[in-house]
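One predicted model, sequence on top.
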Amino acid sequence: MKIGIDKIGFHIPDYYVDMNDLAVARDVEPAKFTIGIGQDAMAVAPISQDPVTLAANAALNILDEADREAIDFVMFGTETGIDHSKSAGVYVHRLLDLQPNARTIEMKQACYGGTAALQLAKGHIALNPESKVLVLASDIARYGLNTAGEVTQGAGAVAMVISANPKIITIENDSTFLTSDIMDFWRPTYSDVAYVDGKYSNEQYLSFVSQVWNKYKEETSLSLDDFEAICFHLPYTKMGIKALETLLEEGNEETKQRLQNNLEVSIQYSREVGNIYTASLYLGLISLLEGKELNAGERLGLFSYGSGAVGEFFTGVVQENYRDHLNVDHHKALFANRKKLSIEEYEEVFSATLPTDGSTVTLDTTDDSSAICLTGITEHMRQYANNN
Ligand code: COA
């Protein structure tokens, strides 16, 4: 049975910061951010957008009534948890008005959570071919003002419907993965910003790429020549370029050129959004699917990495007329309608936090164009509204 991604879409908040502005404000050569890191902009979430609303807004645009009836499993990958107990997915289940007889859970393993959900969704569909799974990957990457990681922040979410006979790509069964207990990036429960050993994390990421790729080659006898494109987890787009370089020591000239050209297409959206952790790999996939006319039957490689660390290399095969099922215009409009923040405005938005002492707050959402917003907190309970 063919199982894979039947629908896919993303959501980003209204605000962004231009990396040239950030570089000037931080007294850094702008080329370091735009070339050395490979980012042109980063999305900034207002206080009325959190992982729940970003994910719900991403899903709102791809679901129809048939999906709402068929979805019996919601899996929410995130590392921006808003609650130690309740799954972020349960809020989304209500906000999207999904039929009640569904399982809903949250998955965590740093940026790997979305891939974990996708692979488990595949298993669920294999046992229940009539059902559909809503996979959500949603995060707000925060390292803090004036930190080395600041340039690699971002905010956004990807939503995918996983089903049998999917319209976008099938996910093949060959997949290689690896776990290693390392401290390259983590966020203790008392901290709202991540701790990261950036250089070590980059090294480990690249080592994972080589290890899972070599194992994949051994197990499948496929080579780089069998791939039209490879998408990578993108904590920042230069990381994807470095990852592909490590693989391109093999492969003929034509293959190298093709993979480099297609990587360039796959990093376009991330250059404008920044790191969205669990959703970054999938934003890269959407950038490729929307930015290029792929042919049915072409094989795509996907490398997922979640610090701490778990990595996986897996593959998808492009389906006939897949472009008819994308939301290119909607996604273009999301970018076109964004408002650029000055650095002062960004610092103000970044520093605004929700109360942690149980006090009630009502948020002003009039400037937030997203359909689903966080409207406040009452007696420790987040309040959401769907203005659609
Ligand atoms: N023009 C062009 N490139 C420039 C430059 C300039 N003027 N100045 C510096 N650079 C390049 C550097 O050569 C380097 O490139 P390289 O990596 O190919 O060597 C790159 O810009 C970054 O410079 P570096 O000095 O290494 O940056 P940094 O110490 O500020 O740290 C990160 C960069 C990415 C390590 C840091 O932002 C970070 O830790 N981010 C978080 C990463 C993360 O999320 N990891 C976990 C998930 S996988």
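Perfect, thanks for sending it.

Give me the phi and psi for the residue most central in space within the chain.
Most central in the chain under C-alpha atoms, centre = their mean is Ala279, positioned 0.8 Å from the mean C-alpha point. When read as degrees, to the nearest 10, the backbone of Ala279 gives phi -90, psi -10.

if you go through the stretch 101-250 of the chain in chain order, where are the helices?
The residue ranges that make up the helices of the stretch 101-250 of the chain, judged by DSSP state H, counting those that start in this stretch, are 113-127, 198-220, 237-247.

picking up where we left off before, next up, the contacts around the residue nearest to the centre of the chain.
For Ala279, the residues meeting the contact criterion (C-beta atoms under 8 Å, 6 or more residues apart in numbering) are Phe10, Gly114, Ala137, Ser138, Asp139, Gly156, Ala157, Val158. For glycine as for every other residue, the C-beta is placed from the backbone atoms N, C-alpha and C.

Then His84?
His84 is in contact with Thr189, counting by C-beta under 8 Å, 6+ apart.

Now do the buried residues in stretch 1-9.
Applying a neighbour-count criterion of 16 or more other C-beta atoms under 10 Å, one finds Ile3, Gly4, Ile5, Asp6, Lys7, Ile8, Gly9 buried in stretch 1-9.

Actually, stretch 85-95.
Ser87, Ala88, Gly89, Val90, Tyr91, Val92, His93, Leu95.

so which strand or helix has the fourth one?
To tie it back to what came earlier, the one meant is Val90. Here Val90 is covered by helix 88-95, with elements defined by DSSP states H and E.

Show me what that helix is packed against.
Packing partners of helix 88-95 (3 or more C-beta pairs under 8 Å, 6 or more residues apart in numbering; DSSP states H and E): helix 51-60, strand 71-77, strand 103-107, strand 132-141, strand 381-386.

Counting by contacts, list what the second one packs against.
Contacts of strand 71-77 with other secondary structure elements, assessed using 3+ C-beta pairs under 8 Å, 6+ apart, are made with helix 88-95, strand 103-107, helix 113-127, strand 132-141.

and the gap between Gly36 and the ligand?
Relative to the ligand, Gly36 is positioned 2 Å away (criterion: C-beta to the nearest ligand atom, to the nearest Å).

Find the residue ranges of the stretch 51-200 of the chain scoring beneath the pLDDT cut-off.
Applying pLDDT under 70 to the stretch 51-200 of the chain flags no residue at all.

Which single residue of it ends up nearest the ligand?
Nearest residue of the stretch 51-200 of the chain to the ligand (C-beta to the nearest ligand atom) works out as Gly198 at 2.2 Å.

Contact partners for Ile377?
By C-beta under 8 Å, 6+ apart, the residues touching Ile377 are Leu354, Pro355, Ser359, Thr360, Val361, Gln383.

in the sheet, who's paired with the spatially closest residue to the first one that is not a sequence neighbour?
Spatial nearest neighbour of Leu354, chain neighbours left out: Ile377 (6.0 Å); criterion: C-beta to C-beta, 6 or more residues apart in numbering. For Ile377, the beta-bridge partners are Val361, Arg382 (DSSP bridges).

How about the contacts made by Ile286?
By C-beta under 8 Å, 6+ apart, the contact list for Ile286 reads Ile8, Gly9, Phe10, Val158, Tyr269, Leu326, His331.

hang on, I meant Gly358
When contacts are counted by C-beta under 8 Å, 6+ apart, Gly358 is found next to Glu379, His380.

residues in the chain within reach of the ligand, list them.
Counting by C-beta under 6 Å from any ligand atom, the chain comes close to the ligand at 29, 31-32, 35-37, 148-149, 151-152, 185, 196, 198-199, 201, 205, 235-236, 275, 305, 307.

Cheers, nothing more for now.
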